[in-house]
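**Q** My questions are about this predicted structure, shown below with the sequence.
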Amino acid sequence: METLPRQKENSRNVLAFGRVTKVHGGTSMDRIITGACRKCGKEKKINNYCCNDCLNEYARNYYNSHIEEARRKRKTANLKVIDYIRERARNWHKAHPSKDAEYHKKYYDAHPEKMQQKNANYKAKKKKSGGVITAKDWTDILEKYDKKCLCCGSREKLEMDHVVPLSIGGSNTKDNIQPLCRSCNARKGRKNIDYR
């Protein structure tokens with residue numbers, strides 16, 4: 001470390017701990033100052049009159065002693081960001097209804113199992129029958145029955161059918177689902193018919 005006399009002090013030198021120390025580096029944003037740390041007293045590169053080790057230790061201790069406050073602040077900040085993002089999304093959907101509908105149509109055309117799952121879960125929630133069918137559950141059921149209608153053997157337009165319909169107390173669980181084509185499912189209606 002090079003200590004300079006006070007009368008030669010200029011913009012490249014900094015007064016720290018009662019003495020002037022040499023600043024290494026270019027701009028004021030990336031200067032590294034060499035000097036004695038105020039806490040541990042060791043000669044190190046210092047930042048705000050402390051070495052990085054002491055600053056990190058101070059930050060850890062402060063965080064641990066104020067952990068609930070830090071969590072509350074972080075949660076409040078996150079909620080504000082989430083609210084902001086949701087509000088922007090709502091405004092976009094209101095301003096672009098045709099683009100929104102087009103996007104959802106493309107997505108559900110590309111992922112019919114997601115639409116089936118969404119509809120089944122919505123109906124079950126509305127009827128308060130309980131249970132949730134995931135897209136993986138529906139894919140597993142389709143693979144189990146070789147991706148064909150259990151009534152007629154067709155492989156087109158397969159739908160999720162509840163063996164015991166939700167309207168008469170059936171549950172929305174994996175063991176109450178069978179794959180049927182659209183026409184067979186419509187023909188079955190609310191009847192309790194098990195094709196498995």
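**A** Thanks, I have it. All values derive from a computational prediction rather than experimental measurement. Numbers count the residues shown, from 1 in each chain.

**Q** hey, which helix or strand in the chain has the poorest pLDDT?
**A** Every helix and strand of the chain was ranked by mean pLDDT, DSSP states H and E. The lowest is strand 13-16, at a mean of 42.

**Q** In the protein, where's the longest helix?
**A** Ranked by number of residues, the top helix in the chain under DSSP state H is helix 67-95.

**Q** Quick one: name whatever helix or strand follows that one.
**A** For helix 67-95, the following helix or strand on the C-terminal side (DSSP states H and E) is helix 97-110.

**Q** And Ser98, what's its pLDDT?
**A** Note on Ser98: pLDDT of 90.

**Q** Could you check how far it is from His104?
**A** Distance of Ser98 to His104, computed by C-beta to C-beta, to the nearest Å: 11 Å. C-beta here means a position set from N, CA and C on the backbone, and glycine is covered the same way.

**Q** Give me the more crowded residue out of these two.
**A** His104 (11 against 7; other C-beta atoms under 10 Å).

**Q** what's the spacing between that one and Lys45?
**A** Distance, His104 to Lys45, by C-beta to C-beta: 56 Å.

**Q** middle-most residue in this protein, spatially?
**A** Taking C-alpha atoms, centre = their mean, the centroid of the chain lies closest to Ile82, which sits 10.7 Å from it.

**Q** okay, now Lys44: neighbour count?
**A** 18.

**Q** was I right about it contacting Cys54?
**A** No. Counting by C-beta atoms under 8 Å, Lys44 does not reach Cys54; the two are 9.0 Å apart.

**Q** any idea where the helices of the protein begin and end?
**A** 52-65, 67-95, 97-110, 112-127, 135-144, 182-188.

**Q** Distance check, the residue nearest to the centre of the chain against Arg72.
**A** From Ile82 to Arg72 the distance is 15 Å (C-beta to C-beta).

**Q** Specify the residue ranges that define each domain of the protein.
**A** By the assignment in automatic domain parsing, the chain contains the domains 6-60, 62-104, 112-188.
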